[in-house]
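Colleague: coords please:
(one chain, ligands or ions: 2)
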Amino acid sequence: MKAAILPAFGQPLLLEDVPRPVPTADEVLIAVEACGVCHSDLHIIDGDTPAFRTAAKPRLVPGHEVVGKVVERGASVTHLQIGDRVGVPWIHWACGECEPCREGNENLCRRSVVTGLGVDGGYAELMRAKAAFALKVPAALSAAQAAPLFCAGITVYRALKNAGVAAGQRVGVFGVGGLGHLAVQMAKAWGAQVVGFDIGEEKLAFARQLGAGHAIDVRADDAVKQAKALGGLHAAIVTSAAKPAYDMALRCLRPTGTLAVVGLPPEPLTFPALALVGSEARIVAAAIGTRDDVRAVLDLAASGKVACRIEEVPLADVNEVLDRMRRGAIRGRMVLRCC
Ligand code: ZN
Ligand code: ZN
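Modeller: Ligands and ions are numbered 1, 2, ... in the order given. Reported below is the predicted structural model:
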């Protein structure tokens, strides 16, 4: 089978013919129909993140937004049939026994194994997956539509959930890109009044088109004032990786508002204590998500309330996609067609 292999950090991926993977007793073999390309993949491939460098297996096949059909199953797998369409998230396996796992936070498992990092991922025609972590995809969704939901989708879903977003609240989404455009739709689906924050009329129009009642250009001198004029934000979801977005988001909160950390600036976030104390602001974060989060997001998408903006390309074009991502020249989510 064909697979895109990382020969060494910072090198282009090599499309090679490799032996067909053989699933173990608790695994399934998936014919990968679609695999989303995530910013984390780029960090893994470029080797610029120490934690990823340590965790990456040699000759890694990246990819953790995977959807495909079950073509083989191990001896102990009973709940999945050959031909079932399933998706696989970032978490390839979690122990189920550590404290976070027992508390329902398997995304924080101390012993977890990550798809497309500790084990081979979906930039390939075939991929092995733990059957318990291969989740059925509703028939209403195409493989390409569903794939990005397994990382981008659940990440923003969990951020909104952790921020306690509820109907009627004013929710700001900072950065209406690959993650943010999903956050706008989800917050809207939950009955929130959404305010999109980005740069330039095109992005602001996109936010409105997705259901944001207001859209604010962060370059405007009175951007914070505009948010305050609406009453301030109950929650600010920052998907941008720019530190100034966080600084602005905090200032746009109403008293007792919540700042949700999703985007990852390289430098530390710094907030004046007085600004936090003075408004009893809360800061929460979200780390991808659990299988329950995946199911909730798939349901939202299957009901038509959330649709990921995607661009599909063949697996063979993966290096070009990664180059475009390095240049910041991608709209929505890129999805590889793998077979
Ligand atoms: Zn990801
Ligand atoms: Zn665990």
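Colleague: in the helix or strand hosting Leu322, what counts as buried?
Modeller: Taking DSSP states H and E as the criterion, Leu322 maps to helix 318-326. For helix 318-326, the neighbour count (16 or more other CB atoms under 10 Å) marks 318, 321-322, 324-325 as buried. The C-beta positions use only the backbone N, C-alpha and C, and glycine is treated the same way.
Colleague: which one among the residues you listed gets closest to Ala249?
Modeller: Set against Ala249, the nearest of the buried residues of helix 318-326 by CB to CB is Met325 (24.1 Å).
Colleague: My read is that Met334 contacts Pro314, right?
Modeller: No. The criterion here is CB atoms under 8 Å, and Met334 misses it with Pro314 at 11.5 Å.
Colleague: and the nearest residue to Arg333 once chain neighbours are set aside, how many neighbours?
Modeller: Distances taken as CB to CB, 6 or more residues apart in numbering put Pro148 closest to Arg333, at 4.0 Å, once the chain neighbours are dropped. By the criterion of other CB atoms under 10 Å, Pro148 has 28 neighbours.
Colleague: Any buried residues in stretch 152-170, and which?
Modeller: Buried-residue list, stretch 152-170, by 16+ other CB under 10 Å: 152-163, 165, 169-170.
Colleague: Just these: which are in helices?
Modeller: 152-162 (DSSP state H).
Colleague: which residues sit in contact with His181?
Modeller: 206-207, 210, 308-309, 332 (CB atoms under 8 Å, 6 or more residues apart in numbering).
Colleague: Make JSON lines out of those and add neighbour count and pLDDT.
Modeller: Shown next, in JSON lines, are the contacts of His181 (neighbours: other CB atoms under 10 Å; pLDDT from 0 to 100):
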{"residue": "Phe206", "neighbour count": "22", "pLDDT": "95"}
{"residue": "Ala207", "neighbour count": "24", "pLDDT": "96"}
{"residue": "Leu210", "neighbour count": "23", "pLDDT": "96"}
{"residue": "Cys308", "neighbour count": "24", "pLDDT": "96"}
{"residue": "Arg309", "neighbour count": "15", "pLDDT": "95"}
{"residue": "Gly332", "neighbour count": "17", "pLDDT": "83"}
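Colleague: Tell me the residues of this protein that contact ligand 1?
Modeller: Contact residues (CB under 5 Å from the ion) of the chain with ligand 1: 38, 40, 151.
Colleague: Please parse the protein into its domains.
Modeller: Per the record, the chain has its domains at 2-150+308-337, 154-285, by automatic domain parsing.
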